[in-house]
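Student: Any chance you could fold what I've pasted below:
(one chain, ligands or ions: 2)
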Amino acid sequence: MGEAPAFLFDDLEKSCGNGYDLICRGRETTTIVGNTKYAIGDYDDSTLSIGVKVFDNSLEKWVYPTVLGTKPELSSDLWALPHGEDRVMVIKNGAITDDDLWFLEVDTPYVRQQKKVLGSDVVAWSKGVMGYAGKPIVISGPSGVGKGTLIAKLMKEFPSMFGFSVSHTTRAPREKETNGIHYHFTERNVMEEDIKDEKFLEFAQVHGNLYGTSVESVEVVADAGKRCILDIDVQGAKSVRASSLDAIFIFICPPSYEDLEKRLRFRGTETEDQLQKRLRNAKGELEQGRSPGLFDHVLINDDLDACYLTLKNLLGLNEFADNTNQSAQKKIGFPLVKSVSKVGNKIYLNSTISDLGNASKNSFVLDVSSLKGGAPGRTRGLDLYSVYPFAAFTNGFGKLS
Ligand SMILES: Nc1ncnc2c1ncn2[C@@H]1O[C@H](COP(=O)(O)OP(=O)(O)OP(=O)(O)O)[C@@H](O)[C@H]1O
Ligand SMILES: Nc1nc2c(ncn2[C@@H]2O[C@H](COP(=O)(O)O)[C@@H](O)[C@H]2O)c(=O)[nH]1
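Tutor: Ligands and ions are numbered 1, 2, ... in the order given. Model prediction:
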């Protein structure tokens, strides 16, 4: 990581091509990935979003692929840069914050799978998101073991570091529960429809009700730069383990079955029937929780404070850790781009004005070496930092502090 080579910017004030990757600019811009030419631009007037065409080499004409994902709104100034063999990075110059960077996936595993399912040519939009908030944490264990209590302690002590994934459930709200905070309380038919529409990362029938984690509920936490905590049952944990979400899995055990029952009774939120059902289900969950391969850590919640300390230790949050680095990432705004150059995994952005409030020439690096994920939803792991003017905006190592 260092200062951008000066020649790149001086040679690149023109709008198209830099000798490394073909970088194109315009309201409608064409770019080549592999052997295929894509036109990305403004002819999709009906939706006022950026349209996509693919050049069919055998038919020798432009065709319209199925476009999946949320489409970015139209922009009069687009930059398109092929990224690897499977996607195009699209910069919407001068767009509002957080809407400036998109990826058009043309041959990622997700797109290839959708091509098979739909039997047509498919591309998919995925929004570029700066930073990577750390692996989500899945907390599982039988009802009444203290998962919610431990999570509440973590969220209270580290409010800027963690965000809770608000699940959907068909269970009725308890007295002190608020819709949208504790759960999204929902009707079964609505939730089943959303499951069919693939809006859920996982779902399960738990103690007679349907519970599920929507993709959106995990994404909003990560969009806020926070580490996502999921409180889900063992079936849900299994599904997440099998999904593409790279998480840490923690199972919470009670000191004894009798203690579990005492806690559930003490909480007083269940009828006797419901309580018995939860206790019966706990037996199977405790067996599965301890079976090898599913959970990375098993904690016994005997003394609450001791268990909480162990949880913090395994998350690297003990009193000697520098926890400031783990808080929400500081964002810098995307610059108004005048020229673009790509060298390896670094994209050099030359700007005349930036939101840093300086009207002089500013240079930025967008580091895509840690790119994670892809459609549907977001492409994460992007790192944007300023490299010029060196002294004024950096910590001396070329990166904004
Ligand atoms: N270590 C502990 N010792 C004694 N009581 C505890 C301990 N941890 C939690 N509790 C109490 O046990 C009850 C159940 O805890 P909590 O609601 O956090 O469980 P849970 O695992 O989230 O349950 P559910 O899965 O049903 O949501 C609460 O009244 C809580 O105060
Ligand atoms: N598989 C999922 N399980 C979930 C989810 N949200 C909560 N849960 C689990 O349900 C039980 C009961 O919860 P309660 O609030 O009714 O006491 C508990 O074990 C939770 O962990 C979810 O989205 N998916």
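Student: Give me the neighbour count for the residue lying closest to residue 243 once chain neighbours are set aside.
Tutor: The shortest distance from residue 243 to any residue other than its chain neighbours is 5.9 Å, reached at residue 201 (CB to CB, 6 or more residues apart in numbering). For glycine as for every other residue, the C-beta is placed from the backbone atoms N, C-alpha and C. Residues near residue 201, counting by other CB atoms under 10 Å, number 23.
Student: I'd say residue 201 and residue 242 touch.
Tutor: No - judged on CB atoms under 8 Å, residue 201 makes no contact with residue 242 at a distance of 10.6 Å.
Student: Could you write out the alpha-carbon coordinates of the lengthiest helix in the chain in PDB?
Tutor: Under DSSP state H, the helix in the chain containing the largest number of residues is helix 272-290. As requested, the backbone C-alpha atoms of helix 272-290 are provided in PDB (Å, rounded to 0.1, in the frame of the first residue of the first chain):
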ATOM      1  CA  GLU A 272     -47.100 -25.200  30.900                       C
ATOM      2  CA  ASP A 273     -47.700 -27.000  27.500                       C
ATOM      3  CA  GLN A 274     -45.300 -24.800  25.700                       C
ATOM      4  CA  LEU A 275     -42.700 -25.100  28.400                       C
ATOM      5  CA  GLN A 276     -42.900 -28.900  28.300                       C
ATOM      6  CA  LYS A 277     -42.500 -28.800  24.500                       C
ATOM      7  CA  ARG A 278     -39.400 -26.700  24.800                       C
ATOM      8  CA  LEU A 279     -37.900 -28.900  27.500                       C
ATOM      9  CA  ARG A 280     -38.600 -32.000  25.300                       C
ATOM     10  CA  ASN A 281     -37.000 -30.400  22.300                       C
ATOM     11  CA  ALA A 282     -34.000 -29.300  24.500                       C
ATOM     12  CA  LYS A 283     -32.900 -33.000  24.900                       C
ATOM     13  CA  GLY A 284     -32.400 -33.400  21.100                       C
ATOM     14  CA  GLU A 285     -30.800 -30.000  20.800                       C
ATOM     15  CA  LEU A 286     -28.300 -30.700  23.600                       C
ATOM     16  CA  GLU A 287     -27.300 -33.900  21.800                       C
ATOM     17  CA  GLN A 288     -26.900 -32.200  18.400                       C
ATOM     18  CA  GLY A 289     -25.100 -29.300  19.900                       C
ATOM     19  CA  ARG A 290     -22.400 -31.500  21.300                       C
END
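Student: Next secondary structure element downstream of that helix?
Tutor: Taking DSSP states H and E as the definition, the helix or strand that follows helix 272-290 towards the C-terminus is strand 297-300.
Student: who does that following strand pair up with?
Tutor: Taking DSSP bridges as the criterion, strand 297-300 forms sheet pairs with strand 248-253 (parallel).
Student: How about the partner strand and ligand 2, touching?
Tutor: No - on the criterion CB under 6 Å from any ligand atom, strand 248-253 is out of touch with ligand 2, staying 9.7 Å away.
Student: What is the neighbour count of the residue in the stretch 201-350 of the chain positioned nearest to ligand 2?
Tutor: Taking CB to the nearest ligand atom as the measure, the point where the stretch 201-350 of the chain comes nearest ligand 2 is residue 236, at 2.4 Å. Counted by other CB under 10 Å, the residues lying close to residue 236 total 23.
Student: what's the one helix or strand residue 113 maps to packed up against?
Tutor: In the assignment (DSSP H and E), residue 113 maps to helix 109-118. The elements that helix 109-118 packs onto, with contact taken as 3 or more CB pairs under 8 Å, 6 or more residues apart in numbering; DSSP states H and E, are strand 66-68, strand 122-130.
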